[in-house]
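Engineer: next input, structure requested:
(chains A and B)
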Amino acid sequence: EPEVTQTPSHQVTQMGQEVILRCVPISNHLYFYWYRQILGQKVEFLVSFYNNEISEKSEIFDDQFSVERPDGSNFTLKIRSTKLEDSAMYFCASSPDLSGYTFGSGTRLTVV
Amino acid sequence: AQKVTQAQTEISVVEKEDVTLDCVYETRDTTYYLFWYKQPPSGELVFLIRRNSFDEQNEISGRYSWNFQKSTSSFNFTITASQVVDSAVYFCASDWSGNTGKLIFGQGTTLQVKP
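Structural biologist: Take a look at the predicted model:
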């Protein structure tokens, strides 16, 4: 069964450093998303991406965040200058037609 | 405000018991979609079901069933004859204003099924 692949599964970074989280969505999907889950809390929407541009973003997704689909297969989330409070599980998701959303296994980001 | 509430933080049952996880939502929209996801200890989010606001028919899938009632703004999830492998965090979520992909999640309910 096709799946959304996220790498790395766990990343540790120092505060202030840039980090890039990578995702490979399902190949024929058109809609892409990033969500985050702070440990023990609910899953929160960050951003949606369609037709090579952001279609919606949340208040969490400030100027420190950016997304890119550089080569038609990868979908990346960049955090420019990480803060301690960015520590969370980050989930990528994709959808072919908004009828359902497949999530990746997540990247656990730890900012120290 | 649009909101999903899962009032049960943790539930513990013994294997083979039936268990119902509650989900209540708030919205003024007439078109919306409701979801349930399972998050096992390994951390991934596993899709269980999606319902649209115009379809109140209850659904059964094996030991799982869902009861959607617009009159009470609820979309409850029942596991019949629970098993240890059902132990996980379960999230109810909604996609307001039709299909946007912006899912709003509830706080989750941790289900522990003891042998």
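Engineer: what are the boundaries of the helices in chain A?
Structural biologist: In chain A, no helices are found when defined by DSSP state H.
Engineer: write out the residues of it neighbouring chain B.
Structural biologist: Near chain B, the residues belonging to chain A are A:31, A:33, A:35, A:41-45, A:48, A:55-56, A:58, A:89, A:91, A:93, A:95, A:98-106, A:108 when assessed by CB under 8 Å from any CB of the partner chain. To be clear about C-beta, it is placed using only N, CA and C from the backbone, and glycine gets the same treatment.
Engineer: narrow these to just the buried residues.
Structural biologist: The neighbour-count criterion (16 or more other CB atoms under 10 Å in any protein chain shown) marks A:31, A:33, A:35, A:42-45, A:48, A:58, A:89, A:91, A:93, A:95, A:98, A:101-106, A:108 among these as buried.
Engineer: out of these, which sit inside strands?
Structural biologist: With DSSP state E as the criterion, strands contain A:31, A:33, A:35, A:43-45, A:48, A:89, A:91, A:93, A:95, A:102-103, A:108 from among those.
Engineer: residues touching residue B:14, list them.
Structural biologist: By CB atoms under 8 Å, 6 or more residues apart in numbering or on different chains, the contact list for residue B:14 reads B:113-115.
Engineer: what's around the closest residue in space to residue A:51 that isn't next to it in sequence, how many residues?
Structural biologist: Distance criterion CB to CB, 6 or more residues apart in numbering or on different chains; nearest residue to residue A:51, sequence neighbours excluded, is residue A:30 at 7.7 Å. The number of residues packed around residue A:30, counting by other CB atoms under 10 Å in any protein chain shown, is 14.
Engineer: residue A:59 too?
Structural biologist: By the measure other CB under 10 Å, the count of residues near residue A:59 is 7.
Engineer: roughly how far does it sit from chain B?
Structural biologist: From residue A:59 over to chain B the distance is 12 Å, taken as CB to the nearest CB, to the nearest Å.
Engineer: torsion angles phi and psi at that residue?
Structural biologist: Dihedral angles phi and psi of residue A:59 (degrees, to the nearest 10) take the values phi -60, psi -30.
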